[in-house]
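K.L.:
here you go, sequence then predicted model.
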Amino acid sequence: MSQPSTPFGTGVQPFSEPRRRLLRLDLLVLLATLGLIAFSLVTLDTATATDVPGSPDYFVVRQALYAVVGLALMLVLASIDYSRFRELRVGLYASMLGLIMLVLAVAGATRGSRRWIEVSFFRFQPSELGKVLLILALSAFIIDRLRKLSERETTSRIMLLALVPTLLVMAQPDLGTSIVYVTIALALLFVAGTKWTHFAALGAVAAAAAALVLVIAPAAGVPLLKDYQKDRLTAFLEKDNADPRSQGYQLNQAETAIGSGRKTGRGTERATQTRLDFLPESRTDFVFAAVGELYGFVGAGIVLSLYALLIWRSLRILTIAKNLYGALLAAGVGAMLMTQVFVNVGGNVGIMPITGIPLPLMSYGGSSVIVTLIALGILQSVYVQAKEAAASKSEVLA
């Protein structure tokens with residue numbers, strides 16, 4: 001009895017839909033992702049070797065587990081149609097607010113901040129997941145009001161939807177993540193085609209708010225920022241005069257680590273800033289400084305090139321998305337990555353304030369690594385759907 005014929009030959013079953021979609025993945029995004037994960041693991045292997053007595057691989061093993069979980073989620077998201085998230089916009093937005101408010105209600109304080117909820121073997125940071133939920137929900141809300149995008153009311157509503165979680169995150173306090181939230185909202189409005197006059201008005205409002213927080217309120221005897229927050233925000237502006245033992249310590253040590261790496265790095269044995277813990281938070285906030293000391297200009301250049309590749313691919317995927325919702329998702333993911341890289345690396349080299357924002361896929365932490373890979377999974381889904389739409393169009397024309 002003859003076997004049924006298939007597109008792949010007699011007796012050979014075609015690929016299932018999810019598997020076929022995975023074959024269309026953007027390989028450059030995947031390679032850049034794996035490259036950054038590999039760099040993270042080898043850097044953490046040196047930076048954390050003495051952090052846990054008797055367990056030199058403690059942080060490396062956990063970072064690898066986070067990466068495996070995140071990669072699995074990335075592949076799952078890449079195999080489904082991202083358009084389904086548009087129907088869930090209200091639930092996604094409500095979940096984001098609920099999780100952030102849950103932190104403020106039940107989380108214990110760590111170094112003066114309430115950002116994490118203890119979950120099993122890692123600390124879950126809802127504000128990290130909030131970045132992706134904000135991209136998914138806000139993009140859908142913009143699509144809903146696309147015909148009224150030229151109205152100031154639409155811009156105001158979208159920014160208000162972004163500012164509610166932003167203010168909740170700032171209350172934790174977490175300035176770095178709140179900056180990412182605002183940047184995501186502005187990027188989505190820009191890609192959607194918001195008028196430049198609306199951005200000018202938003203800029204004026206932002207300038208007024210900054211003046212209120214930094215000048216007017218303190219002058220009136222009502223400081224809105226604590227002293228340590230002000231020190232962290234202004235240390236990079238006064239680094240030559242800052243006390244190297246207090247507000248200038250972190251930046252001073254980071255610059256020393258990066259400068260000592262020179263062209264090719266000091267290597268594992270001679271990287272005293274990292275190995276002897278002179279460099280603070282070398283596995284999280286200042287992992288880029290650790291890369292600079294260990295692998296020098298070459299290593300830092302490779303890491304930045306991998307980030308540039310990811311950001312470029314997100315912009316490229318934005319232009320080929322099959323619909324505006326996909327383009328907005330790609331823009332949101334690109335803005336999220338770009339902001340985090342710029343602020344983190346800028347803080348390490350002394351051109352930006354130190355805000356505690358993680359370096360995507362490089363900094364140690366389950367929430368940051370997994371959420372970044374989830375975002376890249378959504379980016380891959382936009383790419384896969386675009387390729388499928390192009391292939392279907394070609395078949396019709398043929």
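P.N.:
Cool, the structure landed.
K.L.:
buried residues, the lengthiest helix in the chain. List them.
P.N.:
Taking DSSP state H as the criterion, the chain has its longest helix at helix 287-320. Neighbour-count burial for helix 287-320 flags 287-296, 299-300, 303, 306-307, 309-311, 313-314, 317-318, 320 (criterion: 16 or more other Cβ atoms under 10 Å). Bear in mind the C-beta positions are built from the backbone N, C-alpha and C, glycine included.
K.L.:
do stretch 334-352 as well
P.N.:
Under the neighbour-count criterion of 16+ other Cβ under 10 Å, stretch 334-352 has 334-350, 352 buried.
K.L.:
next one: stretch 349-367
P.N.:
349-350, 352-367.
K.L.:
before we move on, what about stretch 148-159?
P.N.:
L149, T154, T155, I158, M159.
K.L.:
who are the packing partners of the strand or helix carrying A386?
P.N.:
Under the criterion of DSSP states H and E, A386 resides in helix 366-397. For helix 366-397, the elements it packs on are helix 17-22, helix 27-47, helix 58-78, strand 122-124, helix 126-144, helix 287-320, helix 324-349, judged by 3 or more Cβ pairs under 8 Å, 6 or more residues apart in numbering; DSSP states H and E.
K.L.:
got the phi/psi numbers for the residue nearest to V343 when sequence neighbours are not counted?
P.N.:
Excluding its sequence neighbours, the residue lying closest to V343 (Cβ to Cβ, 6 or more residues apart in numbering) is I357, at 5.0 Å. I357 adopts backbone torsions of phi -80, psi 140, taken as degrees, to the nearest 10.
K.L.:
and the angle for the helix holding A386 with helix 58-78?
P.N.:
30 degrees (axes from the mean of the first three to the mean of the last three Cα atoms, to 10 degrees).
K.L.:
just the angle between helix 366-397 and helix 126-144, please?
P.N.:
Going by the same axes, to 10 degrees, helix 366-397 makes 30 degrees with helix 126-144.
K.L.:
burial count for L202?
P.N.:
Other residues near L202 come to 18 when the count uses other Cβ atoms under 10 Å.
K.L.:
wait, it sits on V182?
P.N.:
No. In this structure, L202 is not within contact of V182 by Cβ atoms under 8 Å, at 9.5 Å.
K.L.:
just the residues contacting stretch 294-313, thanks.
P.N.:
26, 28-29, 32-33, 35-36, 39, 43, 46, 258, 261-268, 271, 274, 288, 291-292, 334, 337-338, 341, 345, 360, 362, 376, 379 (Cβ atoms under 8 Å, 6 or more residues apart in numbering).
K.L.:
average pLDDT across it?
P.N.:
Stretch 294-313 shows a mean pLDDT of 96.
K.L.:
what about that stretch, distance to the chain center?
P.N.:
In terms of Cα atoms, centre = their mean, to the nearest Å, the centre of stretch 294-313 is found 16 Å from the chain centre.
K.L.:
just the CA trace of that stretch, in PDB.
P.N.:
Extracted in PDB, the C-alpha atoms of stretch 294-313 (Å, rounded to 0.1, in the frame of the first residue of the first chain):
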ATOM      1  CA  LEU A 294      39.400  41.100  32.400                       C
ATOM      2  CA  TYR A 295      39.300  41.400  28.600                       C
ATOM      3  CA  GLY A 296      40.300  45.000  27.900                       C
ATOM      4  CA  PHE A 297      39.200  47.100  25.000                       C
ATOM      5  CA  VAL A 298      38.800  44.100  22.800                       C
ATOM      6  CA  GLY A 299      36.400  42.300  25.200                       C
ATOM      7  CA  ALA A 300      34.400  45.400  25.900                       C
ATOM      8  CA  GLY A 301      34.300  46.100  22.200                       C
ATOM      9  CA  ILE A 302      32.900  42.700  21.400                       C
ATOM     10  CA  VAL A 303      30.200  43.000  24.100                       C
ATOM     11  CA  LEU A 304      29.100  46.400  22.800                       C
ATOM     12  CA  SER A 305      29.200  45.000  19.200                       C
ATOM     13  CA  LEU A 306      26.800  42.300  20.300                       C
ATOM     14  CA  TYR A 307      24.400  44.800  21.800                       C
ATOM     15  CA  ALA A 308      24.700  46.900  18.700                       C
ATOM     16  CA  LEU A 309      23.700  43.900  16.600                       C
ATOM     17  CA  LEU A 310      20.700  43.200  18.800                       C
ATOM     18  CA  ILE A 311      19.500  46.800  18.600                       C
ATOM     19  CA  TRP A 312      20.100  47.000  14.800                       C
ATOM     20  CA  ARG A 313      18.100  43.800  14.300                       C
END
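K.L.:
L315 and M338: what is the separation?
P.N.:
To M338, L315 is 9 Å away according to Cβ to Cβ, to the nearest Å.
K.L.:
likewise for D26?
P.N.:
17 Å.
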